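Visitor: Sequence first, then the predicted structure:
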Amino acid sequence: MSRLALGFNARISFRTGDDEQGLRDGIALFEAAEDLGFDTGWVYQRHFDNYLANPLTFLAAVGQHTSRISLGTAVIAMRYENPILLAEAAATADLLTGRRLKLAISTGTGDFDSVFGAPVDDARAEAQRRLARFLAAIRGEVVGYSDATAGGDGGEPLRVRPHSDTLIDRIYYGSTTVDAAERTARQQLNLLLGTIISETRGLDFAEYHALMIDHYRQTVPQPARARIGVSRSVLPATTPESARRYREYDEQRRREGPGASRPAGALAPRALPDGFAMCPVYHGDPARVVDDLLADRAVAAADELVLFLPPEFTVSENIRLLTDVVDKVAPHLGWRPQSSNRPLTKGDHDDIHSRGTAHRMAGLA
């Protein structure tokens, strides 16, 4: 069995008026996660809100402060993107970060169709059309021809530059249904499963994710090369205060769904439509959290466990949470730090945590 990879998904959120500090805190979070041995840091995209809107620019900056950790987008809404411009930006970011980019995309919600352009009758079909053009550009295929010169018969063939020849192997699609997982497999893309599904077929959340993985692996042409990431809310409590904090977050998430843990000033997201469901929060005593994860068939079938971080948590709270997962949970799932064969000591963790606090107080130098 291959080694389980460990990632996290951060909203890179900020209170209104605190935009710059929120972005700098995000860089500090990636630095700390790399020191802890995390394999991937994924970032959420949300337009016109108190969250990161341009993940590729952010990850290019993160790449200058880190050297090993993979840098992921989870997810870019393809319905709003110019596929050629996105391919140019993605290749640029990938090369500047040492080919560490993991680019996850999806259809996206319809909150801003009128802002980005006229709404379409079938947003999913439009997103798939743009996706096909984007993938052709990433593969280095001819995407068009330059304007013909006066009296000429045609222009020069055009390919996106710069070109990263390995990026195509690190493209993921964020799917919420079995049918979407099968389509992702036929497109020979990697699969990223988030914290929301849009149908259940009478199954609980983890079992439906496991069903998606089963269908994906049965459909993908080269199963050995395909990669699957599964997102979970994992909050092991190591103090009475963290136990209270995580319990309250779970209760808020049950009440408010995607609207839970919003930073001050953030827009209220749409309520989940009928048929949609959110993943449970695995919280409480670390041993209980480990048992919950070991019983989760989707986690067992995945190549990477992605920890969903509560959006409103501060950088210090998130670093402490990542540290506790590394200490108390991940080793029991078969994970080990990629960067070092030696276990991190309490002194290492205290140093990581203190640096996160210093970044919060003073910003990056």
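Guide: Looks like it arrived, so ask away.
Visitor: CA atoms for contacts and neighbours, from now on please.
Guide: Fine.
Visitor: which residues touch the spatially closest residue to Arg15 that is not a sequence neighbour?
Guide: Excluding the flanking residues, the one nearest Arg15 by CA to CA, 6 or more residues apart in numbering is Ala264, at 4.9 Å. With contacts defined as CA atoms under 8 Å, 6 or more residues apart in numbering, Ala264 is in contact with 14-16.
Visitor: With Ser175 as the reference, measure out to Ala264.
Guide: Noted for Ala264: a distance of 29 Å to Ser175, by CA to CA, to the nearest Å.
Visitor: Ok, Asn318 next?
Guide: Counting by CA to CA, the gap from Asn318 to Ser175 is 26 Å.
Visitor: neighbour-wise, which of those two wins?
Guide: Neighbours were counted for Asn318 and for Ser175 using other CA atoms under 10 Å; Ser175 has more, 24 against 21.
Visitor: so where do the strands sit in this protein?
Guide: Along the chain, the stretches classed as strands by DSSP state E are 5-10, 40-43, 70-77, 101-106, 144-145, 157-158, 171-175, 190-193, 196-197, 228-236, 277-278, 281-284, 304-308.
Visitor: Tell me which of these lies nearest to Thr219.
Guide: strand 190-193 (12.0 Å; CA to CA).
Visitor: Just give the strands next to the closest one in its sheet, each with its orientation.
Guide: Sheet pairing of strand 190-193 (DSSP bridges) gives strand 171-175 (parallel), strand 228-236 (parallel).
Visitor: Take the ones you listed and lay them out in CSV including mean pLDDT.
Guide: Shown next, in CSV, are the strands paired with strand 190-193 (pLDDT from 0 to 100):
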stretch, mean pLDDT
strand 171-175, 98
strand 228-236, 98
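Visitor: closest to Thr92 out of those?
Guide: It's strand 171-175; of the strands paired with strand 190-193, that one is closest to Thr92 (CA to CA) at 14.8 Å.
Visitor: Centre-most residue in the chain?
Guide: Centroid-nearest residue in the chain: Ala74, 3.0 Å away (criterion: CA atoms, centre = their mean).
Visitor: Tell me where the model's unsure across the protein.
Guide: In the predicted model, the chain carries pLDDT under 70 at residues 1, 118, 148-154, 339-365.
Visitor: change it to 90
Guide: 1-3, 108-114, 117-124, 147-155, 258, 267-275, 337-365 (pLDDT under 90).
Visitor: which stretches of it form helices?
Guide: Along the chain, the segments classed as helices by DSSP state H run 19-36, 55-63, 83-96, 113-116, 123-138, 178-186, 205-219, 240-256, 286-294, 297-301, 315-328, 346-362.
Visitor: measure the residue nearest to the centre of the chain to Glu199 for me?
Guide: From Ala74 to Glu199 the distance is 20 Å (CA to CA).
Visitor: Same check on Arg139?
Guide: Distance of Arg139 to Glu199, computed by CA to CA: 33 Å.
Visitor: Could you do Gly265 as well?
Guide: From Gly265 to Glu199 the distance is 31 Å (CA to CA).
Visitor: Settle it for me: which of those two has more neighbours?
Guide: More neighbours surround Glu199 than the other of Gly265 and Glu199, with 16 against 12 (other CA under 10 Å).
Visitor: nearest residue to the more buried one other than its sequence neighbours?
Guide: Closest to Glu199 by CA to CA, 6+ apart is Gly275, at 5.1 Å.
Visitor: Verify the stated contact: the one you found with Arg201.
Guide: No: contact criterion CA atoms under 8 Å: Gly275 and Arg201 do not qualify, at 9.1 Å.
Visitor: how many neighbours does Trp42 have?
Guide: A count of neighbours around Trp42, defined by other CA under 10 Å, yields 27.
Visitor: ok, it touching Ile69?
Guide: No: Trp42 is beyond contact range of Ile69, at 10.3 Å (criterion: CA under 8 Å).
Visitor: picking up where we left off before, want to throw the helices of the chain into a markdown table with distance to Val160?
Guide: Formatted as a markdown table, the helices of the chain follow (distance: least, CA to CA, whole Å):
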| stretch | distance to Val160 |
| --- | --- |
| helix 19-36 | 29 |
| helix 55-63 | 17 |
| helix 83-96 | 6 |
| helix 113-116 | 23 |
| helix 123-138 | 6 |
| helix 178-186 | 23 |
| helix 205-219 | 30 |
| helix 240-256 | 42 |
| helix 286-294 | 42 |
| helix 297-301 | 36 |
| helix 315-328 | 37 |
| helix 346-362 | 37 |
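Visitor: Give me the distance between the residue nearest to Glu199 and Leu86.
Guide: For Gly275, the distance to Leu86 (CA to CA) stands at 32 Å.
Visitor: So these two - more neighbours on which side?
Guide: Each of Gly275 and Leu86 has its neighbours counted (other CA under 10 Å); Leu86 has more, 17 against 10.
Visitor: Name all residues that make contact with the nearest residue to the more buried one once chain neighbours are set aside.
Guide: Residue nearest to Leu86 in three dimensions, not counting chain neighbours: Phe134, with 7.3 Å by CA to CA, 6+ apart. Shown in contact with Phe134 (CA under 8 Å, 6+ apart): 83-84, 86-87.
Visitor: about what we covered before: including distance to Arg336, could the strands of the chain go into a markdown table?
Guide: Shown next, in a markdown table, are these (distance: least, CA to CA, whole Å):
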| stretch | distance to Arg336 |
| --- | --- |
| strand 5-10 | 8 |
| strand 40-43 | 13 |
| strand 70-77 | 16 |
| strand 101-106 | 21 |
| strand 144-145 | 46 |
| strand 157-158 | 44 |
| strand 171-175 | 24 |
| strand 190-193 | 21 |
| strand 196-197 | 28 |
| strand 228-236 | 17 |
| strand 277-278 | 28 |
| strand 281-284 | 21 |
| strand 304-308 | 12 |
